[in-house]
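Asker: Give me a 3D structure for the following:
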Amino acid sequence: MNDSELSPQQKLLLAMHNTGAIMGKSGKSVEELAVLTGIPKEDIPQLITDHTAAGYLGETVDEGGVKKYFLTGRGIIRVSSLFT
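Answerer: Okay, the predicted model is just below:
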């Protein structure tokens, strides 16, 4: 599977998985996710909203007050299903 075969939704989840964003401390900000995925920064919040509603992402706030997002257990299973 290559990047051109992935939807923006899949790219976001896969990038989070590949960078180890699987708990609060390793979460990624909107800006970091835009850089990692190549998805425009203004499109990331809607993807986050959709994935959070589906139970794939969790949210935390770092010491600097920046929201960070991470994969939940359900999100990890969703990413794993991309390979089957």
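Asker: which stretches of this protein have low pLDDT?
Answerer: 1-4 (pLDDT under 70).
Asker: one more time with 90
Answerer: 1-5, 23-25, 82-84 (pLDDT under 90).
Asker: can you pull out the strands in it?
Answerer: With DSSP state E, the ranges of strands along the chain come out as 57-61, 67-71.
Asker: Output the ones you listed in TSV, with mean neighbour count and distance to residue 24 appended to each entry.
Answerer: Just so you know, the C-beta spots here come from the backbone N, C-alpha and C atoms, and that holds for glycine as well. Shown next, in TSV, are the strands of the chain (neighbours: other C-beta atoms under 10 Å; distance: least, C-beta to C-beta, whole Å):
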stretch	mean neighbour count	distance to residue 24
strand 57-61	16	4
strand 67-71	21	6
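Asker: Let me know which of the ones you listed is the nearest to residue 22.
Answerer: Across the strands of the chain, residue 22 has its closest neighbour in strand 67-71 (5.0 Å, C-beta to C-beta).
Asker: what residues does that closest one touch?
Answerer: Contacts to strand 67-71, defined as C-beta atoms under 8 Å, 6 or more residues apart in numbering, come from residues 13, 16-17, 21-24, 26-30, 33, 48, 52, 56-62, 79.
Asker: and residue 19, what is it in contact with?
Answerer: Residue 19 touches 26, 28, 36, counting by C-beta under 8 Å, 6+ apart.
Asker: next one: phi and psi at it?
Answerer: Torsion angles at residue 19 (phi, psi; degrees, to the nearest 10) stand at phi -100, psi 10.
Asker: measure it to residue 53 for me?
Answerer: 22 Å (C-beta to C-beta, to the nearest Å).
Asker: Could you do residue 62 as well?
Answerer: Taken as C-beta to C-beta, the span from residue 62 to residue 53 is 23 Å.
Asker: So those two - more neighbours on which side?
Answerer: Ranked by neighbour count (other C-beta atoms under 10 Å), residue 62 and residue 53 place residue 62 first, with 12 against 9.
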